[in-house]
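Participant: My questions concern the predicted model and sequence given below.
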Amino acid sequence: MKRSDDEYLTDIVIGEAVLSLLHEHGPVSTQALVVRLQSMEAKESDPSRRAAIANVIADISNNNMASMIRTSRERKKRPGSKDNVYPLFVNNQQPGAGKKH
């Protein structure tokens, strides 16, 4: 197969999986998509489609893991990043005893 044929088959497989999730009124999430693709892969009899589905599952899993790692690193870099609470004002000065008005 040519690269364009692979991309076309990948698009078809992802589209079928997403449409089946939408048809069942199920959640459309990365996890739901991977589960649906795994189900499709188990039932598929065509070797080229089975390989395409396996590649899509691997791509989604790899991209999702990379995104989780990147998000985790970004979260650790932020000041005060405990429990997803981020300070809006980093200046920790206490108000003075003098009157403002």
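Facilitator: Cool, got the structure.
Participant: Check the burial of the residue nearest to residue 33 when sequence neighbours are not counted by counting its neighbours.
Facilitator: Nearest residue to residue 33, sequence neighbours excluded (CB to CB, 6 or more residues apart in numbering): residue 17, at 5.8 Å. For the C-beta atoms, the positions are set from N, CA and C on the backbone; glycine is no exception. Using other CB atoms under 10 Å, residue 17 has 24 other residues around it.
Participant: Can you classify residue 17 by secondary structure?
Facilitator: At residue 17 the chain is in helix, as set by DSSP: H, G, I helix; E, B strand; the rest coil.
Participant: In this structure it contacts residue 34, no?
Facilitator: No - here residue 17 does not reach residue 34: they are 9.0 Å apart, not a contact under CB atoms under 8 Å.
Participant: re earlier: contacts only, for the residue nearest to residue 33.
Facilitator: Contacts for residue 17 (CB atoms under 8 Å, 6 or more residues apart in numbering) come out as 33, 36, 37, 40.
Participant: element containing the last one, please.
Facilitator: Mapping residue 40 onto the secondary structure by DSSP states H and E places it in helix 30-43.
Participant: helices or strands up against that helix?
Facilitator: The contact analysis (3 or more CB pairs under 8 Å, 6 or more residues apart in numbering; DSSP states H and E) places helix 30-43 against helix 3-23, helix 47-77.
Participant: which sections of the chain are below the confidence cut-off?
Facilitator: Scanning the chain for pLDDT under 70 picks out the ranges 1-3, 65-101.
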